[in-house]
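> Okay, here's the prediction I keep looking at, along with the sequence it came from:
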Amino acid sequence: MRAVRVAAVAVLVAAFGGCRPAVEGRAARPAPPARPAPSVTPVVRDEAAVWRGWGLKPLPPAPAPPEDKPLKLGGKGPVKVFDRVPTEERVVFITIDDGQEKDPRFVQMLTDLKVPVTMFLTDDVVRDDYAYFKPLQALGNHVQNHTLTHPVLPLLGLDGQKHEICGAQEALTKQYGTEPTLLRPPYGRWNWAMQQAARECGIDGIVMWRASMQIHDMQYDDANKKLHPGDILLAHFRGPEQLKGETMTEMFAHMLKRIGKQGFAVARLEDYISPRSAPASSSPPGPLRPG
């Protein structure tokens, strides 16, 4: 029996022999210093290489959006019609109409180049693939109103125009989660009734243009074929069938070359617009224009 007790004590000593009480007055061993986190080198975007991948040279960088928006809309009365932004900065604004062509490479192009655009969508040509425009919207590009069916609006009267504009407001808001604030009138045709209809449908401004992109070159309002600060430019979602074999990305590359050659940057139209303004005055109907 004594042998059993001795064996048990030996086991306990072996198990707990290393757990000695701390000697009074002895300082605790300091913890080893923490290793510094490994440094992470930020990835620097090679703009020239990205643009070169599309056969282009980078455009000048756009300035920061102005805190005091130079184009003030809203208020009571007819909706204001404009084709440029009052600014001295060497910026222009690209707007793209309709939505017929849905080229996946164009989504990649804008993702790579980060060129801002404003999309004026016609519901009956985008409804077969609303989702195509959502990645473009996710890049910060706004979806705006280009009517339900692309008619010559002044021929419809007030009620017909409200049907086209308000109907597109409802459809586009439902699909893209934001209500359009701007209207591009099909063919550039507008009149006082459109201004009133646009107001009743929640539109702040009717957007025209100073130059339009064709296939390889621009058509200018300026007889000298020059861009000016604040010009609004028109292009379309079009593909080889409408562009004589050219793709959407090829057409857009030509457009960027024309802009860069004249030393302009591309800014976002909505960054220069404020809805706070006095009422705009009524104007006579405009001429028929491609749009």
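Cool, the structure landed. Nothing here was measured: the structure is a model prediction, and the numbers come from that model.
> quick check, Asp222 in a strand?
No: using DSSP: H, G, I helix; E, B strand; the rest coil, the secondary structure at Asp222 is coil, not a strand.
> which residues does it contact?
210-211, 228 (Cβ atoms under 8 Å, 6 or more residues apart in numbering). C-betas here are computed from N, CA, C, even on glycine.
> can you list the weak-confidence ranges in the stretch 151-291 of the chain?
Confidence mapping of the stretch 151-291 of the chain against pLDDT under 70 gives the ranges 276-291.
> Recalculate using a threshold of 80.
Counting by pLDDT under 80, the stretch 151-291 of the chain has low-confidence residues at 275-291.
> ok, which stretches of it are strands?
Under the criterion DSSP state E, counting those that start in this stretch, strands of the stretch 151-291 of the chain are mapped to 182-183, 205-207, 211-213, 218-220, 232-236, 265-266, 273-274.
> which other residues reach the last one?
Taking contacts as Cβ under 8 Å, 6+ apart, the residues outside strand 273-274 that touch it are 69, 71-74, 85, 182, 204-205.
> got it, and the fifth one?
Residues from elsewhere that reach strand 232-236, judged by Cβ under 8 Å, 6+ apart: 82-85, 92-98, 100-101, 207-213, 218, 227, 242, 251-252, 255, 259, 269, 291.
> Buried only: go through those residues for me.
Of all the contacts of strand 232-236 considered here, the ones buried according to neighbour count by 16 or more other Cβ atoms under 10 Å are 82-85, 92-98, 100-101, 207-213, 218, 227, 251-252, 255, 259, 269, 291.
> Return the subset of these lying in helices.
The subset of these located in helices under the criterion DSSP state H comprises 251-252, 255, 259.
> could I get these as TSV with distance to Tyr176?
Formatted as TSV, those follow (distance: Cβ to Cβ, whole Å):
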residue	distance to Tyr176
Met251	24
Phe252	21
Met255	24
Ile259	27
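> Quick one: neighbours of Lys226, just the number.
Applying other Cβ atoms under 10 Å, we find 10 other residues in the vicinity of Lys226.
> Over to Arg268?
A count of nearby residues for Arg268, using other Cβ under 10 Å, gives 19.
> tell me the secondary structure for the residue nearest to it when sequence neighbours are not counted?
Residue nearest to Arg268 in three dimensions, not counting chain neighbours: Pro116, with 3.9 Å by Cβ to Cβ, 6 or more residues apart in numbering. Here Pro116 is recorded as coil under three-state DSSP.
> Would you confirm that Gln169 contacts Thr178?
No: in this structure, Gln169 is not within contact of Thr178 by Cβ atoms under 8 Å, at 10.8 Å.
> More neighbours: the two, which one.
Residue environment comparison for Gln169 versus Thr178 gives the larger neighbour count to Gln169, 22 against 12, counting by other Cβ under 10 Å.
> so who does the more buried one touch?
When contacts are counted by Cβ under 8 Å, 6+ apart, Gln169 touches 145, 179-180, 201-203.
> Out of those, give me the one that has the most neighbours.
Across the contacts of Gln169, the neighbour count under other Cβ under 10 Å reaches its highest value at Asn145, namely 31 neighbours.
> If that one is in a bridge, with which residues?
Listed by DSSP bridges, the beta-bridge partners for Asn145 are Leu121, Leu183.
> so what secondary structure elements neighbour the strand ranked longest in the chain?
The strand of greatest length in the chain, counted in residues with DSSP state E as the criterion, is given as strand 91-98. In this structure, strand 91-98 packs against strand 118-121, strand 232-236, strand 265-266, with contacts taken as 3 or more Cβ pairs under 8 Å, 6 or more residues apart in numbering; DSSP states H and E.
> hmm, back to that, return the most buried member of the strands of the stretch 151-291 of the chain.
Among these, judged by mean count of other Cβ atoms under 10 Å, the one packed with the most neighbours on average is strand 182-183 (a mean of 27).
> That strand packs against which elements?
strand 118-121, strand 143-145, strand 205-207.
> Can you add distance to Ile232 and give these back as JSON lines?
Putting these into JSON lines (distance: least, Cβ to Cβ, whole Å) gives the following:
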{"stretch": "strand 118-121", "distance to Ile232": "9"}
{"stretch": "strand 143-145", "distance to Ile232": "12"}
{"stretch": "strand 205-207", "distance to Ile232": "6"}
